[in-house]
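*Asks:* next come a sequence and a model predicted from it.
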Amino acid sequence: MNRAEQLRREMAADQLDAFVITTPANRRYLSGFTGSSGVLIITPQQAFLVTDFRYVEQANRESPGWALYKQEKGLDDSVADLLNKLAPARVGFEADHLTVASYAKLRGAMPHDTVWVSTEGAVRDLRAVKGAEEIDHIRAAQQIADRLFEALPTLIQPGRTERAVAWEIEQRLRHEGADGPSFPVIVASGPNSALPHHRPTEREIQPNEIVLTDFGATYNGYQSDCTRTWFTGEPTDDYRRRYAWVYEALHMGQAALAVGAPLREADQAVRDHFDAVGQLAHFGHSLGHGVGLEVHEMPSLSFRMPEEKRFAADNVVTVEPGLYYLGWGGIRLENLVHLTDHGVEILSGTPFGPDLWREGQRG
């Protein structure tokens, strides 16, 4: 069953006559279209791609089987024109992406008795279960990133700025075959490593301090994500102890991943571990997230998820426990994991250890 047919099953359950797809990642997932402007409209019998003259040839190449509706005026106006021709009684739309202005324009252009149904999670949930080709792309993206992680001990040197290291990582990712980084490369040194999503600055890396690196590669539109933490010298006792807590948490989280298990269990296992060693106050984010066309997607590994939300075969998720101490620094370790009916496949190939940086200087 192709992806549009899967969505039509969801539409039938909600008695939808049409579904308007505006989220770029969902648009690509369903149609293959990679252009920057376009809207999909799916009905029980037809599938349309609305875009303008800049992307007509691209749409014909990338989206065979989709009827092209060429935009002759504003995108919202063209979508409204097509919807009026289709005359659906119930229209699904992505409320978590469609702007209020666009929604008002579409609704105002349709008959007043048209029913608009918020269905923002339908495609997102389909994307959470990856196909074999998607997993191959994610695996390839992570392998590209792994080659960069191997080189990091030589790139992370006292006297270099965070920004210089981040820029070199991005350049090398592209040289290794990536479309680009999955997200802005994180290089956080010293006390900056206590900021989970720190943006690199002109701060110079110092001897005998923490450096946290978090990045991924994009390959054929699919993302990877991995984090390692380094120490530029002989690790202190505090660093070794805290690193060990995070390393244990990583393996506890991975051990809790299983098809059919509640999404919340892995996160809760890590929280229980950090609580037992008196460090729960220093773990402020959820354990992980899905990875695919976007670097943050479903499923969410959070203790806040309802009990009925479960892992499925071919979910690809991160497991990324961390401890953060303002003024001292932070330690985060992150693997990318593929769930299967027979266990888990760790996609990340980069090793761990508090002494990795020093070992890399000898290598």
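*Replies:* Alright, I've got the coordinates. Numbers count the residues shown, from 1 in each chain.
*Asks:* residue contacts, Gly131?
*Replies:* Neighbouring residues of Gly131 by C-beta atoms under 8 Å, 6 or more residues apart in numbering: Asp314. Bear in mind the C-beta positions are built from the backbone N, C-alpha and C, glycine included.
*Asks:* so how far is Arg332 from it?
*Replies:* Distance of Gly131 to Arg332, given as C-beta to C-beta, to the nearest Å: 30 Å.
*Asks:* same deal with Thr318?
*Replies:* With C-beta to C-beta as the criterion, Thr318 and Arg332 are 11 Å apart.
*Asks:* same check, this time on Asp81
*Replies:* From Asp81 to Arg332 the distance is 49 Å (C-beta to C-beta).
*Asks:* show me which of the two is the more surrounded one.
*Replies:* More crowded of Asp81 and Arg332, by other C-beta atoms under 10 Å: Arg332, with 23 against 16.
*Asks:* contacts only, for the residue nearest to the more buried one when sequence neighbours are not counted.
*Replies:* Counting by C-beta to C-beta, 6 or more residues apart in numbering, the nearest residue to Arg332 once its immediate chain neighbours are dropped is Gly322, at 3.3 Å. Taking C-beta under 8 Å, 6+ apart, we find Gly322 in contact with 196, 227, 246, 283, 285, 330-333.
*Asks:* can you check the pLDDT for the residue positioned nearest the centre of the chain?
*Replies:* Nearest to the mean C-alpha position of the chain, counting by C-alpha atoms, centre = their mean, stands Val295 at 1.7 Å. Val295 is assigned 98 on the pLDDT scale.
*Asks:* is it within a helix or a strand, and which one?
*Replies:* Secondary structure assignment for Val295, by DSSP states H and E: no helix or strand.
*Asks:* how close does it get to Ala132?
*Replies:* Counting by C-beta to C-beta - Val295 and Ala132 are separated by 21 Å.
*Asks:* repeat for Arg61
*Replies:* Arg61 is 23 Å from Ala132, by C-beta to C-beta.
*Asks:* also Gln157?
*Replies:* Taking C-beta to C-beta, one finds Gln157 at 41 Å from Ala132.
*Asks:* which one of those two has more residues nearby?
*Replies:* Gln157 (16 against 8).
*Asks:* return the residues in contact with His137.
*Replies:* Contacts of His137 by C-beta under 8 Å, 6+ apart are 219-222.
*Asks:* one more time with 6 Å
*Replies:* Going by C-beta atoms under 6 Å, 6 or more residues apart in numbering, His137 touches 219-220, 222.
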